[in-house]
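S.K.: sharing a sequence plus its predicted fold:
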Amino acid sequence: MLLLTVSHIALADVDISEAWVRATAPGQKVGAAYMTLKSAQPAKLVYVESSSADEVEIHSMTMSNGVMKMRKLDVLALQPNTPEKLAPGGFHLMLFGLQKPLKAGETVTLKLCFKDQADNITHQSVTLPIKEVN
């Protein structure tokens, strides 16, 4: 019983902060979400879903020879006690097949799925404000 309790404690939640979604134009079917993720233990963001979009993908952006390249990632690794910032121009979440435009002042809920080193999966829901970006 003690071992079960200890293994449960080791499965810590990921701290999610500074979360927001970029407002979209009418008819736009793709959006982007940003946040900072921090875990006490090694973890991986392996899957994200939302009722506001048909699909949510983890992406990276890099600059190569003056060209910005965006790539879909299968997972986003989180190092212990090291914040991983998802922000414009870097790691971010892409929301495809939006159900309706994302309007400033409203919110979007995402369900993030994390995997620890023992392959245990945890799910965390977070509600993000939609913001206009100048």
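M.R.: Noted; the coordinates are in hand.

S.K.: remind me which residues of this protein are low pLDDT?
M.R.: Filtered on pLDDT under 70, the chain yields the residue ranges 1-12, 134.

S.K.: all strands for it, in order.
M.R.: For the chain, applying DSSP state E gives strands covering 15-22, 30-38, 43-49, 53-64, 67-73, 76-78, 84-86, 92-98, 107-116, 121-131.

S.K.: and the last one, which strands flank it?
M.R.: Meaning strand 121-131. Using DSSP bridges, the strands paired with strand 121-131 in its sheet are strand 15-22 (parallel), strand 107-116 (antiparallel).

S.K.: between those, which gets nearest to Leu98?
M.R.: Closest to Leu98 of the strands paired with strand 121-131, according to CB to CB: strand 107-116, at 9.3 Å. C-betas here are computed from N, CA, C, even on glycine.

S.K.: what comes into contact with that closest one?
M.R.: Residues from elsewhere that reach strand 107-116 (CB atoms under 8 Å, 6 or more residues apart in numbering): 10-11, 14, 16, 21, 31, 33, 39, 41-52, 56, 75, 78, 93, 95, 102, 121-130.

S.K.: buried ones among these?
M.R.: Neighbour-count burial (16 or more other CB atoms under 10 Å) applied to these gives 14, 16, 21, 31, 33, 39, 43-50, 52, 56, 78, 93, 95, 102, 126, 128, 130.

S.K.: which residues does the most centrally placed residue in the chain contact?
M.R.: With distances taken as CA atoms, centre = their mean, Leu93 lies nearest the centre of the chain, 5.3 Å away. With contact taken as CB under 8 Å, 6+ apart, Leu93 is in contact with 32-35, 48, 56-59, 86, 110.

S.K.: just list whatever residues bridge to the residue nearest to it when sequence neighbours are not counted.
M.R.: In space, and not counting its chain neighbours, Leu93 is closest to Ala33: 4.1 Å by CB to CB, 6 or more residues apart in numbering. Taking DSSP bridges as the rule, Ala33 bridges to Val21, Leu93.

S.K.: Ile104 contacts Ala23, correct?
M.R.: I think there's a mix-up here, since residue 104 is Ala and not Ile. Yes. Contact criterion CB atoms under 8 Å: Ala104 and Ala23 qualify, at 4.5 Å.
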